[in-house]
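Enquirer: Following is a predicted model, sequence given first.
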Amino acid sequence: MPTSSVRLHIEDTGGTGRPVILIHGWPLSAEAWKAHVPLLRDAGYRVISYDRRGFGRSEKPADGYEYDTLAADLAGLIDERDLRDVTLVGFSMGGGEVARYVANHGEDRLHSVVFASAVPPYLLKGADNPDGPLTQEKADEMRQGLEKDREAFFDGFTRDFFSADGKLMVTEDERQAAIALAHQSDQNAALGCMKAFATTDFRADLKKVTVPTLVLHGDSDATVPFEGSGKRTHAAIAGSEVVVLEHAPHGCNTSHADDFNLALLEFLKK
């Protein structure tokens with residue numbers, strides 16, 4: 001099993017509260033959580049966020065952009081700080097790290113998990129995954145777009161990321177901030193992680209999740225549609241809770257921050 005030796009940029013509020021680890025989406029960084037950290041800290045939690053390898057301020061190695069290694073990075077963070085009774089909050093691609101962490105490293109250190117706008121159980125549509133919301137054609141189109149012109153790709157991607165029914169649900173400043181974070185990503189990392197979140201099958205991983213689980217998703221998510229992802233994850237994890245945010249796009253933690261935070265804080269109390 002992979003072990004992590006990469007230097008990650010980690011932000012830790014410290015304190016004695018129960019740890020909550022925030023795992024960002026693609027192609028952003030821990031900065032995407034900056035509006036949530038003070039709220040969670042003030043509610044008494046020790047809040048930890050980090051930039052995934054290859055993104056933001058973390059080291060950008062040549063490889064390691066598949067989920068076994070990404071989950072090992074997360075496990076390394078948890079083990080090095082000897083964190084226990086942890087809640088993992090995985091947004092979008094980060095939900096894959098949550099699922100793979102449980103499958104590879106177990107639940108001994110966990111209190112609960114959250115899949116927010118998350119990619120499990122399996123995005124890529126295929127003969128054995130007919131409900132997958134991502135076609136091979138769309139996956140190829142995304143990869144080719146990123147390879148051809150990063151600036152144009154990230155401009156279009158963030159519009160979809162923050163739009164519901166074709167309407168942008170955040171301010172232009174918020175969208176531009178996301179574009180700036182995207183441009184901090186290493187191109188090799190961005191392409192490697194795009195392949196990972198598109199093609200990784202988490203169905204067996206989800207069967208191993210037994211801790212309390214929240215599935216939090218926007219009903220107008222055009223990037224990772226609820227019907228093909230969050231709804232199936234909720235069905236796959238016995239006893240899981242689901243909160244669906246109305247008229248919310250993929251980036252619902254920004255567009256619908258109050259509703260997102262309310263659902264998260266209510267779940268964390270349990």
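Expert: Perfect, thanks for sending it. Numbering: from 1, shown residues only.
Enquirer: and the residue of the chain positioned farthest from its centre, what pLDDT?
Expert: Residue distances from the centre of the chain (Cα atoms, centre = their mean) peak at Ala127, which lies 25.9 Å from the mean C-alpha position. As summarised for this prediction, Ala127 has a pLDDT of 97.
Enquirer: Roughly how far does it sit from Gly44?
Expert: As defined by Cβ to Cβ, to the nearest Å, Ala127 lies at a distance of 48 Å from Gly44. Where you see a C-beta, it was placed from the backbone N, CA and C, and this is true even at glycine.
Enquirer: what ranges do the strands span in this structure?
Expert: When assigned using DSSP state E, the strands of the chain occupy the ranges 10-12, 19-23, 46-50, 86-91, 110-116, 163-164, 167-168, 213-218, 241-245.
Enquirer: could you give the angle of the last one to strand 110-116?
Expert: Compare the direction of strand 241-245 with that of strand 110-116 by axes from the mean of the first three to the mean of the last three Cα atoms, to 10 degrees and you get 30 degrees.
Enquirer: Sheet partners, orientation included, of strand 241-245?
Expert: On the basis of DSSP bridges, the sheet neighbours of strand 241-245 come out as strand 213-218 (parallel).
Enquirer: Surely Gly145 is in contact with Asp160?
Expert: No - the pair formed by Gly145 and Asp160 falls short of the contact definition of Cβ atoms under 8 Å, at 11.6 Å.
Enquirer: Export the strands of the chain to JSON lines and append columns for mean neighbour count, mean pLDDT and distance to Gln184.
Expert: Rendered in JSON lines, the data for those read as follows (neighbours: other Cβ atoms under 10 Å; pLDDT from 0 to 100; distance: least, Cβ to Cβ, whole Å):
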{"stretch": "strand 10-12", "mean neighbour count": "16", "mean pLDDT": "98", "distance to Gln184": "15"}
{"stretch": "strand 19-23", "mean neighbour count": "26", "mean pLDDT": "98", "distance to Gln184": "17"}
{"stretch": "strand 46-50", "mean neighbour count": "23", "mean pLDDT": "98", "distance to Gln184": "14"}
{"stretch": "strand 86-91", "mean neighbour count": "26", "mean pLDDT": "98", "distance to Gln184": "17"}
{"stretch": "strand 110-116", "mean neighbour count": "25", "mean pLDDT": "98", "distance to Gln184": "21"}
{"stretch": "strand 163-164", "mean neighbour count": "22", "mean pLDDT": "98", "distance to Gln184": "22"}
{"stretch": "strand 167-168", "mean neighbour count": "14", "mean pLDDT": "98", "distance to Gln184": "22"}
{"stretch": "strand 213-218", "mean neighbour count": "26", "mean pLDDT": "98", "distance to Gln184": "25"}
{"stretch": "strand 241-245", "mean neighbour count": "19", "mean pLDDT": "98", "distance to Gln184": "27"}
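Enquirer: could those strands be laid out in CSV, adding distance to Ala75?
Expert: Converted to CSV, those look like this (distance: least, Cβ to Cβ, whole Å):
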stretch, distance to Ala75
strand 10-12, 14
strand 19-23, 11
strand 46-50, 12
strand 86-91, 11
strand 110-116, 11
strand 163-164, 35
strand 167-168, 37
strand 213-218, 19
strand 241-245, 25
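Enquirer: For Pro133, which of these is the nearest?
Expert: Of all the strands of the chain, it is strand 213-218 that lies closest to Pro133, at 12.0 Å by Cβ to Cβ.
Enquirer: Give me the contacts around that closest one.
Expert: 112-118, 164, 226, 229-231, 233-234, 237, 239-245, 247-250, 252, 255-256, 260, 263-264, 267 (Cβ atoms under 8 Å, 6 or more residues apart in numbering).
Enquirer: any low-confidence regions in the chain?
Expert: Segments of the chain classed as low confidence (criterion: pLDDT under 70) are 1-4.
Enquirer: quick one, helices of it?
Expert: Defined through DSSP state H, the helices belonging to the chain, from first to last, are 37-42, 67-80, 94-105, 136-148, 150-161, 172-182, 187-199, 203-206, 230-236, 252-255, 257-268.
Enquirer: Right, I'll call it a day here.
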